[in-house]
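Participant: any chance you could fold what I've pasted below:
(chains A, B, C and D)
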Protein chains: 2
Amino acid sequence: MPASKVTDEFLLEKVAEVFRIHGYEGASIRLLSQATGLERASLYHRFPGGKEEMAAAVVARTCEWFGRHVFSPLQAGGSPEERLRRVAANLRDFYRRGTLWCVLDVMTLGGGPDALLARVRAAYSAWLKAFEGIAREAGMSASTARSRAQQALIGIEGSLVLARVTGDSRPFLRVLQDLPALLGAARSE
Amino acid sequence: MPASKVTDEFLLEKVAEVFRIHGYEGASIRLLSQATGLERASLYHRFPGGKEEMAAAVVARTCEWFGRHVFSPLQAGGSPEERLRRVAANLRDFYRRGTLWCVLDVMTLGGGPDALLARVRAAYSAWLKAFEGIAREAGMSASTARSRAQQALIGIEGSLVLARVTGDSRPFLRVLQDLPALLGAARSE
DNA sequence: GTCTATAGCTTGATAGAC
DNA sequence: GTCTATCAAGCTATAGAC
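Facilitator: As a prediction, the model looks like this:
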């Protein structure tokens, strides 16, 4: 096959960036073209399904990242708290210390295709389940584990919203710091 | 002045609804026209500043609501916990038990005018400060009060995101239920 | 695989009749 | 105060040269 002007990885990175900032509806093909350095028609060559396929690819890429940097480490060796510290560090890098917004959050506003919402919904479910699993492993009851997992996700998403609006990302860093204790240490509920 | 086809209140209500669902960029004039029942040109008559003025009006209306149903009750009579219970009930109604999304969250994606972001930023600051104030009054240290206020906002925004994506609004209701204890009772940090 | 050119529709916004 | 009609610019998407 002929040489590509930009690698798949670079392309997806830039596309994700635009979706993350503008949401599905706000991410126009022109904006995506400018961000990637590819003309609009070339973008359609790489993503024949157009905007919807680009968004799907971004979600798939995010899911893949979570598999490798969240779900896998949670099932690796070491104590639950050790594993959670590693995951927290990964999440901190992924969201660039709170300066990036959550693409899964931002893509689910109205106006997007239903299939996209379904994919994101599934991703959140998997995330929640992974957090729940580690909490169970740390010795919590089923209901406590579920509640803590929700708390963890709420903390991450909420602090990212706060960071976006107020410009202060310290609460996000604190949420991550508290993650090992929240999910990895069975305390009184 | 001649009779209006729709009242200011109805108009703002419908406009807010569209912005809440689609964000600033996704809320098109046509969509706003359909939602309000007014033709596009009539919308420009009511809001000469166009889309930007509509969004500003929505934010102003939200701020007004917060003044009346959050800030005021927090400074009214009764113990901090009693006041917080009242505020939590108001917030539960405002977000329709977690089925509505936060317009302040949704409007701050990229693509919106800077002035809008500034207004929302100010609104969040006021909200944070109000929560901080009641926590101080409940006997917490300055730093604890600030941290708890952030936690409260994170919980509300995060659980609304979770409700939007997963469709489960129970975590939101639980966050509100925990609000009086979080901000109104000085415990060990 | 990328490009220029273009199609057809939607966008935000305005002019002017009633 | 609301409407129909209209504008230029933007949109998603496609056709076809290189």
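Participant: how about the host helix or strand of A:S159: buried residues?
Facilitator: Element membership for A:S159, per DSSP states H and E: helix A:142-166. Burial within helix A:142-166, assessed by neighbour count using 16 or more other C-beta atoms under 10 Å in any protein chain shown, is assigned to A:144-166. (Glycine included, C-beta is placed from N, CA and C.)
Participant: for A:H69, which non-adjacent residue is spatially closest?
Facilitator: Nearest residue to A:H69, sequence neighbours excluded (C-beta to C-beta, 6 or more residues apart in numbering or on different chains): A:N90, at 4.1 Å.
Participant: and A:H22, by the same measure?
Facilitator: Nearest-residue entry for A:H22: B:G110, 4.7 Å, with adjacent residues in sequence omitted and distances by C-beta to C-beta, 6+ apart.
Participant: next, the distance between the ends of stretch A:134-145.
Facilitator: In stretch A:134-145, first residue to last residue: 8 Å (C-alpha to C-alpha, to the nearest Å).
Participant: just stretch A:128-146 next, same as before
Facilitator: Taking C-alpha to C-alpha as the measure, stretch A:128-146 stretches 8 Å from start to finish.
Participant: same check on stretch A:93-105?
Facilitator: One end of stretch A:93-105 to the other measures 18 Å (C-alpha to C-alpha).
Participant: may I see the buried residues of that stretch?
Facilitator: Those would be A:Y95, A:G98, A:L100, A:W101, A:C102, A:V103, A:L104, A:D105, for stretch A:93-105 by 16+ other C-beta under 10 Å.
Participant: which ones are touching the residue in chain A that chain B sits nearest to?
Facilitator: Relative to chain B, the nearest point of chain A is A:G158 (2.5 Å; C-beta to the nearest C-beta). By C-beta atoms under 8 Å, 6 or more residues apart in numbering or on different chains, the residues touching A:G158 are B:L153, B:I154, B:G155, B:I156, B:E157, B:G158, B:S159, B:V161.
Participant: now it: how far from B:A181?
Facilitator: According to C-beta to C-beta, to the nearest Å, A:G158 stands 18 Å off from B:A181.
Participant: before we move on, the earlier item: now the element after the helix holding A:S159, going C-ward?
Facilitator: Note on helix A:142-166: by DSSP H and E, the next helix or strand toward the C-terminus is helix A:170-184.
Participant: ok so, going back, tell me which element the residue nearest to A:H69 falls in.
Facilitator: If you go by DSSP H and E, A:N90 is part of helix A:80-94.
Participant: can you give me the offset of that helix from its chain's centre?
Facilitator: Taking C-alpha atoms, centre = their mean, to the nearest Å, one finds the center of helix A:80-94 at 14 Å from the center of the full chain.
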